[in-house]
Structures are given as C-alpha cells and as structure tokens.
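Undergrad: Structure for this input, please:
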Amino acid sequence: MGALVWLLIPLLAAIGAGVWGSWATRTRRVRGDGPELDGYARFRAAMEKPHSRT
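TA: From the prediction side, this is the model:
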C-alpha cells in the first residue's frame, strides 16, 4: 500500500504540470493599444502645459 502512495506522487505532479501548462498557454483576449495610447496622450498634454512659478 505504501508503494502505491509513492507512485501517486509523480502522477499527481504530472497532472498538476499538465493543468499549469494548459493554463499558461491559454489564448488571451487582446486589448489592443488603445488604453496605452490614451495614457501617453494625457502624459504629453501634461508635459506641454506651461508651468507657472509664483
């Protein structure tokens, strides 16, 4: 019975590796560059504003 327990350890590790591998290579939804470009446009607008010193 103890030998079966030791044989289950590599089997469970292989199943866990398969689950992790399928999760890691899943197809992800592509966002595009829209949010990144919007943030960059806000950054440029802020940098182009004249600064007032008091």
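Undergrad: Residue ranges in this protein under the pLDDT threshold?
TA: 53-54 (pLDDT under 70).
Undergrad: Tell me where the longest helix sits in it.
TA: Longest helix of the chain, by residue count under DSSP state H: helix 2-24.
Undergrad: which element follows it toward the C-terminus?
TA: Sequence order places helix 34-48 as the next helix or strand after helix 2-24, per DSSP states H and E.
Undergrad: returning to that earlier point: can you point out the buried residues in the longest helix of the chain?
TA: By neighbour count on 16 or more other CB atoms under 10 Å, the buried set for helix 2-24 is empty. (Each C-beta comes from the backbone N, C-alpha and C, glycine too.)
Undergrad: Quick one: neighbours of Arg31, just the number.
TA: Arg31 has 8 neighbours, counted by other CB atoms under 10 Å.
Undergrad: For it, what are phi and psi?
TA: Arg31 adopts backbone torsions of phi -80, psi -30, taken as degrees, to the nearest 10.
Undergrad: Distance of it relative to Asp38?
TA: Arg31 sits 12 Å away from Asp38, going by CB to CB, to the nearest Å.
Undergrad: and if you look at Leu12?
TA: On the measure of CB to CB, Leu12 and Asp38 end up 46 Å apart.
Undergrad: Over to Ala3?
TA: Ala3 is 61 Å from Asp38, by CB to CB.
Undergrad: Equivalent analysis for Gly16, please.
TA: 40 Å.
Undergrad: Please apply the same query to Ala17.
TA: 40 Å.
Undergrad: swap in Val30?
TA: Distance from Val30 to Asp38, by CB to CB: 16 Å.
Undergrad: Leu8 now?
TA: Leu8 is 52 Å from Asp38, by CB to CB.
Undergrad: now Ile9
TA: In terms of CB to CB, Ile9 sits 50 Å off from Asp38.
Undergrad: what packs against the longest helix of the chain?
TA: Of the remaining helices and strands, none touches helix 2-24 by 3 or more CB pairs under 8 Å, 6 or more residues apart in numbering; DSSP states H and E.
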